[in-house]
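# Next input, structure requested:
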Amino acid sequence: MAPAGYTVAAARAAILSGIKPLASEPVAIEAANGRTLAQAVIATRAQPPFRASAMDGYGVRAADLGSGPFTLLGKAAAGHSYAGAPLRAGGAVRIFTGAAIPAGVDCVVPQERARREGDSLWLETAAHPRSNIREAGVDFGAGEVLVRAGVRLNARHTALIAASGAATVQVTRRPRVAVLATGDELVEPGAAATAHQIFDSVSFGVAAAIGEWGGEALRLAIRADSTAAIAAAAADALRRVDLLVVIGGASVGDYDVVKQSLGGLGLVIAFERVAIRPGRPTWFGRAVDQQVLGLPGNPAAALVCAHLFLRPLLAALLGRGSDPTGATALLEGEVAASAADECYLRAVADCGGDTQLRVRPCDNQDTSLLSVFAAANALIRRPAHAGAAASGERVELLWL
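Here you go, the predicted model:
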């Protein structure tokens, strides 16, 4: 068994060791938003595939400007080819935005700068060759990589992919994650609670985070502090998912029976503790050849460690790098020394009138307080053995 008290970096490395992206699957582009691209999208043709007008106006030869009148020879509309006579000296073509530029035209004069009488035109001369013309391939060229593999797709990517003509893309299958909350003290929201029970909240928060981070969460029914009940629920879940997250039951009390419960499933533990506050009881291992991540029962500790360990694990399974979440900011207030543990303080960060990013630690850092976590938008990270920090010092933060 690996020694306890892993650093955050060592624990994350142990979790990610040997992780490979899941298999890919094709999806229609209208269903691809939020999915992780498994295969790069490469343009099969240029966009636009022809020289196109950027304005409604008249296409002429720039060399003819200054003379006049011009003779209207025909029109070019978007989606249709020009069917008029070939352009000649003093000739003009009525042209509309997006239409293909007829041969011989090298500038488009906006219609606001034209005066027309029948088929005769007088045009202002404030134009130069290629005015208001989009060259073929100005957006992207054939063979160009439009979106690289490993990118989580958003609406902007979807529009670009559609512009390439692709109707489907290959994306990584979403990781399936079972979330199991344990404890005699827990009841489901909406159920009747005794005077000594509380409503389960952490499994809902973790499941929601899994969805935000690209996975599919299966939130299991609460299990009491019973080795048989926990083992049965875990065994069933591990047959159906890529990862099991167990909340609570991993400290050193008489009722912390999770790891004992999974022993019959061949649990092999990579680490049992992390040198972190909050979240020291966080652990990780494998059972039935699947990953198992154990999170503390206290809400803030569980959610902090989900950000630090579950989020990068999902990113690895999806085949993308960890999302950039860090920054530095000026501290408003004070923070105490961190002693031997790496510390993460719930905090509120924003920009002041001088546009400097500032961060203020929440007043109460009790790990049971969900109201504090919900009000926070960042975590202040303090390295192990860091001294106290005063207002005005620059500190590291992670966005929530």
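# how about low-confidence regions in the protein?
1-4, 126-127, 129, 251-256, 323-324 (pLDDT under 70).
# Just give me the residue closest to the centre of it.
Centroid-nearest residue in the chain: R152, 5.5 Å away (criterion: C-alpha atoms, centre = their mean).
# Is it correct that it is in contact with A32?
No: R152 is beyond contact range of A32, at 10.2 Å (criterion: C-beta atoms under 8 Å). Glycine gets a C-beta too; all of them are placed from N, C-alpha and C.
# which strands and helices sit next to the helix or strand hosting K259?
K259 belongs to helix 258-262 when elements are defined using DSSP states H and E. Where contact means 3 or more C-beta pairs under 8 Å, 6 or more residues apart in numbering; DSSP states H and E, helix 258-262 is packed against helix 227-238, strand 283-287, strand 290-295.
# ok, now with 10 Å
Counting contacts by 3 or more C-beta pairs under 10 Å, 6 or more residues apart in numbering; DSSP states H and E, helix 258-262 is packed against helix 227-238, strand 243-247, strand 268-271, strand 283-287, strand 290-295.
# mind listing what's buried in the shortest one?
The neighbour-count check on strand 268-271 (16 or more other C-beta atoms under 10 Å) flags I269, A270, F271 as buried.
# Need those in TSV (columns: distance to A347).
Shown next, in TSV, are the buried residues of strand 268-271 (distance: C-beta to C-beta, whole Å):
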residue	distance to A347
I269	32
A270	30
F271	27
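# Closest one of those to A287?
If you rank those by distance to A287 using C-beta to C-beta, I269 comes first, at 9.5 Å.
# Mind listing the residues bridging to that closest one?
For I269, the beta-bridge partners under DSSP bridges are G285.
# what does I276 give?
E342.
# Go ahead and confirm S368 touches E185.
No: shown here, S368 and E185 do not form a contact pair, counting by C-beta atoms under 10 Å, at 11.9 Å.
# of these two, who's got more company?
More neighbours surround E185 than the other of S368 and E185, with 18 against 14 (other C-beta atoms under 10 Å).
# Pull the contacting residues for the residue lying closest to the more buried one once chain neighbours are set aside.
Nearest residue to E185 in three dimensions, chain neighbours excluded: Q197, at 5.4 Å (C-beta to C-beta, 6 or more residues apart in numbering). Listed by C-beta atoms under 10 Å, 6 or more residues apart in numbering, the contact partners of Q197 are G183, D184, E185, L186, V187, A191.
# go on, D200?
181-183, 185-189, 191, 219, 221-222, 247-248.
# Let's see if you can find the most crowded of these.
Ranking these using other C-beta under 10 Å puts T182 first, with 30 neighbours.
# Can you pull the phi/psi pair for it?
phi -130, psi 150 (degrees, to the nearest 10).
# quick revisit: overlap in contacts of S368 and E185?
Joint contacts of S368 and E185 (C-beta under 10 Å, 6+ apart) are I198, G297.
# hey, what's in contact with both of R152 and A32?
V171.
# How much space separates the closest residue to F271 other than its chain neighbours from T158?
Nearest in space to F271, with sequence neighbours left out and distances taken as C-beta to C-beta, 6+ apart, is Y6 at 4.4 Å. To T158, Y6 is 40 Å away according to C-beta to C-beta, to the nearest Å.
# cool, and A54?
For A54, the distance to T158 - C-beta to C-beta - is 24 Å.
# which of these two has more neighbours?
T158 (18 against 14).
# For G5, see how far away the more buried one is.
From T158 to G5 the distance is 45 Å (C-beta to C-beta).
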